[in-house]
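Asks: Test case, fold it:
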Amino acid sequence: MRLKHLILAAASVGAATPALAHTGVHSMSGFAAGFLHPLGGFDHMIAMLGVGLFAASLGSRALIVVPASFVLMMIVGGVIGLAGINLPAVEVSIAASVVAVGAVVALGRSWPLSAAAMLVGFFALFHGYAHGTEVPSGATAFSYSVGFSLASAALHALGIGLSRIAMGHEKANQFLGAAITLAGFVIAFG
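Replies: Residues are numbered from 1 along each chain as shown. Next up is the predicted model:
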């Protein structure tokens with residue numbers, strides 16, 4: 001039954017329209033816009049789910065450290081974007097983050113906690129930068145940042161939950177990782 005739920009959840013995520021989150025158009029401001037930003041873009045959403053799956057595959061302290069590293073470094077990237085500092089290759093790096101995180105989940109290898117935190121933290125800079133450059137006019141950067149941070153953490157938790165549903169089905173997590181990697185290639189080249 002768990003495998004059925006996992007496949008249904010993966011199909012639902014995969015059926016989402018692959019629209020990039022970086023349209024620069026927001027009809028609302030503040031917390032709501034920040035919260036909806038990661039949910040409105042396939043690239044961000046799938047990367048956050050992948051970070052949760054990655055953390056769950058490592059278990060123990062990684063369940064907190066890996067998502068926390070992502071959120072903290074995403075905030076740093078957001079500050080860089082808000083400051084108007086140019087960060088090169090943002091879209092390419094976001095697509096690469098999806099490919100990389102999916103690949104580490106698909107391969108199922110154990111990672112040292114510090115290396116896992118550094119990997120997701122590096123890519124989080126680019127996700128945060130994209131969020132930080134798109135704060136709607138009239139919105140406070142703080143409320144917008146709280147919104148995108150909470151939505152990202154919720155997506156990490158969903159990824160951890162998907163992994164928990166797949167417990168006992170090692171191939172299911174590998175399948176999800178491979179699907180995320182494929183989605184990253186679609187984002188990069190589609």
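
Asks: Now the element after the lowest-mean-pLDDT helix or strand in the chain, going C-ward?
Replies: Lowest on mean pLDDT, DSSP states H and E among the helices and strands of the chain sits helix 2-14, with a mean of 48. Later in the chain than helix 2-14, the nearest helix or strand by DSSP states H and E is helix 30-40.

Asks: Which is the succeeding secondary structure element to that following helix?
Replies: helix 42-58.

Asks: Next one: S143 from F35, what distance?
Replies: 10 Å (Cβ to Cβ, to the nearest Å). For glycine as for every other residue, the C-beta is placed from the backbone atoms N, C-alpha and C.

Asks: quick one, which of the two is more surrounded?
Replies: Taking neighbours as other Cβ atoms under 10 Å, S143 and F35 compare with F35 leading, 21 against 16.

Asks: And for the closest residue to that one other than its chain neighbours, the neighbour number?
Replies: Among residues not flanking F35 along the chain, G147 sits closest, at 3.7 Å (Cβ to Cβ, 6 or more residues apart in numbering). Neighbourhood size, G147 [other Cβ under 10 Å]: 21.

Asks: what's the helix or strand for G147?
Replies: Assessed by DSSP H and E, G147 sits inside helix 141-165.

Asks: mind listing what's buried in that helix?
Replies: Neighbour-count burial for helix 141-165, counted by 16 or more other Cβ atoms under 10 Å, picks out 143-149, 151-153, 155-160, 162-163, 165.

Asks: Just want the angle from the helix or strand just after that helix to helix 42-58.
Replies: Using DSSP H and E, the helix or strand that follows helix 141-165 in sequence is helix 170-189. Counting by axes from the mean of the first three to the mean of the last three Cα atoms, to 10 degrees, helix 170-189 lies at 150 degrees to helix 42-58.

Asks: Show me what counts as buried in helix 170-189.
Replies: Of all the residues in helix 170-189, those buried under the rule 16+ other Cβ under 10 Å are 172-181, 183-184, 186-187.

Asks: Pull out the buried positions in stretch 120-136.
Replies: Buried, per 16+ other Cβ under 10 Å, within stretch 120-136: 120-136.
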